[in-house]
Each structure stands twice: as C-alpha cells, then as structure tokens.
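# Fold the following and give me the result.
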Amino acid sequence: MRDRRTVLTTMLLPLIQVVLYGYLSSDIRHEPTIVWDLSRTTESRRLLQALSNSQYFSMTAEARSMRDVVRHIDAGQTLAGIVIPPNYAQLLREGKSPEVLVAVDASDATAARTALSVAQAVGSSLTRHMQIKAVRVLGVVPSQTGVDVRARAWYNPGLRQVVFIVPGVLALIMQFTMTFLSMSTIVRERELGTLEQLIVSPIQSGELMLGKMIPLMTVGFVNLTTILLLAVFWFGVPVAGNVFMLYFAVFVFFFTTLGLGTFVSTIAKTYIQAIQMIQFFLLPSILLSGFIFPVAAMPKILQWFSYFVPLTYFLTIVRGIIIKGVGIEYLWPQLALLMLFGFMVFTTAVLRFRKRID
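As a prediction, this is how the structure comes out:
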C-alpha cells in the first residue's frame, strides 16, 4: 500500500479496459459518403434516401466531378462514394436498369464488406419494389426494371483482411518497440547505478540524450525494413505509395514514442513501475487509434479522445501510403499534427530529463 503508483495502476487499468471495450464496436454506421448525382430527379433522391435510411451511409459531401469523389476517398474524408448517371430517371421510366456506382474504401476489409452488402441489398429492395409496382400497373413482371448497383471495393478489391492488419501491426510495433526501449534503457541504468556515472562524466545532457536516441532509432529503422520485407514477400501486401515518405513519417513518429518512453522513465523509480505506468498510455492508444475498432464506429466522446492519440494519425499515414498509395498532398494534415505531437512530447521529456540529471 505504500507504493501508491502501483496501487493506482492496479485499480484503474481494469476499469479503463472495461469502459473502453464496453463502448467500442466494429459495427460501422453512418459512413461519411460523397454523392455525385448527375440526375437530380425525384428517382435519384429516392435512391439516396433509401441508402441513408439503411443507417450505413451518411451523405456528408456533394461532388461536382469524379475527381472530387476520388479525392475525398483518397484523403479519408469519406469512406464511400455514390455516382448516379444523368439518365437514371429516364432509364427507369423506360423499364431499364440504370447502373449506379457505389465505391467503398476497402482498406478496412470488414467495414467495406458490410457497406458493399448493404448497398447491394438496398438496390435489390428498390428493384423488387419497382417490379411489384409494375405488376400492379401492367400485369406482367418486367425483366429489366430495377436499380443495378455496381458496388466496388477500392484499394483492396479482394477484401483481404491481411492488407488492413499488416500496416496496423507495423505502426503498433514501432510504438511498442521504441517506447519500451527508450523507457528501459534509462530506468535500467538508474537501477544499476550507471546513469549516475554518466551524469558525473564530462558528457553534456544534450549529448547524453543524443547518444541514447540514435541507437534506438537505428533499431527502429531495422525493424521497419524487416516488417516491410515480410509484408511484401511473405504476406503479399505491396507498398502502393512512396517508401521514402513512409520512412520519413516513421522518423517523425519516433520523436513521440521516444519522448513518451523518456518521460515515463523520469517519473518511475523502477523498471516494473515504469511498465505499469506506460500501460496508461499504450492501452488507450491501441483501442482508440483505429487499429482494432474503426474510429467512425466509436461514440463521439471517444472519437474526441482519439484526436489526442498520435498513433491515430500515424495509422492513417501508414495505411494511406501502403494501401492507398496516396502522397503528401493528402496526408500533410496528419503529418503536421504528428510533428506537433512529437515536438511537444519530446521537448517535455528532454526538459524533464535534463532537470533530473541537473
């Protein structure tokens, strides 16, 4: 009971897990959707209303061209895009089946599979309704009347779950490896008494920090290269984007992870205590970042918390580069926020570390 930090961790950590797991879900509803309605008729609005009533699509943006649809999905601003042809209403009146494109971001295969199934089910339901109405009016069942929903999975046409999991595991390993390494090296040296020997040496505090960080970053880049090779040649997950941009994003993310590990090491007195404390940072980041549960499926309050988790932005960057192949023109907001988090966390950790050694 004298070790208040350990008691606090033991009591609070299970409560945090129960609360988070109780509210988190993989069932995505109200997916942000961009619409390019070239028909703009009562019939096209009826189709959009049916898709919206399914509670899986939420019409949040309107496109003026196909390029707008592609840009919104590439940037992650919307998870789906709907394109209605200009002759949609005319074809329906002629008893034909107009083709409607429903494109879904399939970087998350589970969410995409559900959205594609719902879109096709809505199209089938409207088709049955039109056929029943035609029977009542004409007395015969038309062979072609209905809505032909062409559901397409972008970036991951085969809906392979490994394409979604492997980039997420890469980001998670980067966070765990660098955080634990930076935390353990400093705490272990304090326990063994070697940190005091470094402090009394002519080495300045900045040189000491640099000497600690460079080997850890080297290990991180070796891990990154190994994971990429396994992803490409073992799991068949190609890197669609710029590899050099991926390495730069990892370098920026290192400042957050190394800073977090260093900060915890300045608070904890023992290695076991440091491991217990780091769980308060790592566990919520895993659950709230979108690694397991989509951020869009979380309650609003948890979505707000996810904005303060650096891993959220790093996951978006990694999946955007590896799966979608997008560049800096789409990922610069996440990269800028990641830089901001890295600067704040790393600066705070360095200042506290210097204060401890002074």
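
# Low-confidence stretches in the stretch 251-358 of the chain?
354-358 (pLDDT under 70).

# how about the strands in it?
If DSSP state E, counting those that start in this stretch is used as the criterion, the stretch 251-358 of the chain turns out to lack strands entirely.

# just the stretch 101-250 of the chain next, same as before
With DSSP E, counting those that start in this stretch as the criterion, the stretch 101-250 of the chain has strands at 148-154.

# give me the low-pLDDT residue ranges for it?
Across the stretch 101-250 of the chain (using pLDDT under 70), the flagged ranges come out as 134-144, 195-196, 199, 205-206.

# which residues in it form helices?
With DSSP state H, counting those that start in this stretch, the ranges of helices along the stretch 101-250 of the chain come out as 109-138, 161-192, 194-199, 205-233, 243-267.

# so which of those gets nearest residue 328?
Closest approach to residue 328 among the helices of the stretch 101-250 of the chain is made by helix 243-267 (6.5 Å; Cβ to Cβ). (C-beta placed from N, C-alpha, C; glycine too.)

# Please name every helix or strand in contact with the closest one.
Using 3 or more Cβ pairs under 8 Å, 6 or more residues apart in numbering; DSSP states H and E as the contact definition, the elements that helix 243-267 packs against are helix 161-192, helix 205-233, helix 271-288, helix 310-319, helix 328-357.

# ok, and which of these has the densest surroundings?
helix 310-319 (a mean of 26; mean count of other Cβ atoms under 10 Å).

# could I get the helices and strands packed on helix 243-267 as JSON lines with distance to residue 75?
Written out in JSON lines, the entries for those read as follows (distance: least, Cβ to Cβ, whole Å):
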{"stretch": "helix 161-192", "distance to residue 75": "17"}
{"stretch": "helix 205-233", "distance to residue 75": "23"}
{"stretch": "helix 271-288", "distance to residue 75": "21"}
{"stretch": "helix 310-319", "distance to residue 75": "10"}
{"stretch": "helix 328-357", "distance to residue 75": "4"}
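
# So which of those is nearest residue 37?
For the helices and strands packed on helix 243-267, proximity to residue 37 was assessed by Cβ to Cβ; helix 328-357 is nearest, at 24.3 Å.

# Can you spell out which helices and strands pack onto that closest one?
Applying 3+ Cβ pairs under 8 Å, 6+ apart, we find helix 328-357 packed against helix 205-233, helix 243-267, helix 310-319.

# and those helices as TSV, adding distance to residue 334?
Compiled in TSV, those are given as follows (distance: least, Cβ to Cβ, whole Å):
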stretch	distance to residue 334
helix 205-233	18
helix 243-267	9
helix 310-319	4
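
# Minimum distance to residue 183: which of the ones you listed has it?
Using Cβ to Cβ as the criterion, the shortest distance between residue 183 and these is 3.7 Å, found for helix 243-267.

# Appreciated, that's everything.
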